[in-house]
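*Asks:* What follows is a predicted structure for the sequence shown.
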Amino acid sequence: MRLLSYRIRKKAKRHHVSYSFLFMKADGDQLRAITSLIDSGIIRPVVDRVFPFESIKEAMTYVENGRSKGKVIVKVR
């Protein structure tokens, strides 16, 4: 992992900021807590754009181009 993050660590050092990579795993208790925060309006996700399932390729291109200003959603149903 150290080798993979070399470039970003170098940039961070140049800007005098710290950088660390965290491995995350799904945790049901945390997901339930986050869900309650979203449901109560304490956390409000920013949705940039919603794509239909058939337009996954366009959605990926949109994200890769760095245009999104929030979450990009692919609607399955």
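*Replies:* Done, it's in.
*Asks:* C-alpha from now on. contacts and neighbour counts both.
*Replies:* Will do.
*Asks:* Identify each buried residue in the lowest-mean-pLDDT helix or strand in the chain, please.
*Replies:* Using mean pLDDT, DSSP states H and E, the weakest-scoring helix or strand in the chain turns out to be helix 6-14, at a mean of 88. Residues of helix 6-14 classed as buried under the neighbour-count rule (16 or more other CA atoms under 10 Å) are Arg9.
*Asks:* Go ahead and produce PDB holding the CA coordinates of whatever helix or strand comes next after that helix.
*Replies:* Downstream of helix 6-14, the first helix or strand assigned by DSSP states H and E is helix 28-39. Taking C-alpha atoms only, helix 28-39 is exported to PDB below (Å, rounded to 0.1, in the frame of the first residue of the first chain):
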ATOM      1  CA  GLY A  28     -24.000  -2.800  10.500                       C
ATOM      2  CA  ASP A  29     -24.100  -0.700  13.700                       C
ATOM      3  CA  GLN A  30     -22.300   2.200  12.000                       C
ATOM      4  CA  LEU A  31     -24.500   2.000   8.900                       C
ATOM      5  CA  ARG A  32     -27.700   2.000  11.100                       C
ATOM      6  CA  ALA A  33     -26.300   5.100  13.000                       C
ATOM      7  CA  ILE A  34     -25.500   6.900   9.700                       C
ATOM      8  CA  THR A  35     -29.000   6.000   8.400                       C
ATOM      9  CA  SER A  36     -30.700   7.600  11.400                       C
ATOM     10  CA  LEU A  37     -28.500  10.700  11.000                       C
ATOM     11  CA  ILE A  38     -29.600  11.000   7.400                       C
ATOM     12  CA  ASP A  39     -33.300  10.300   8.200                       C
END
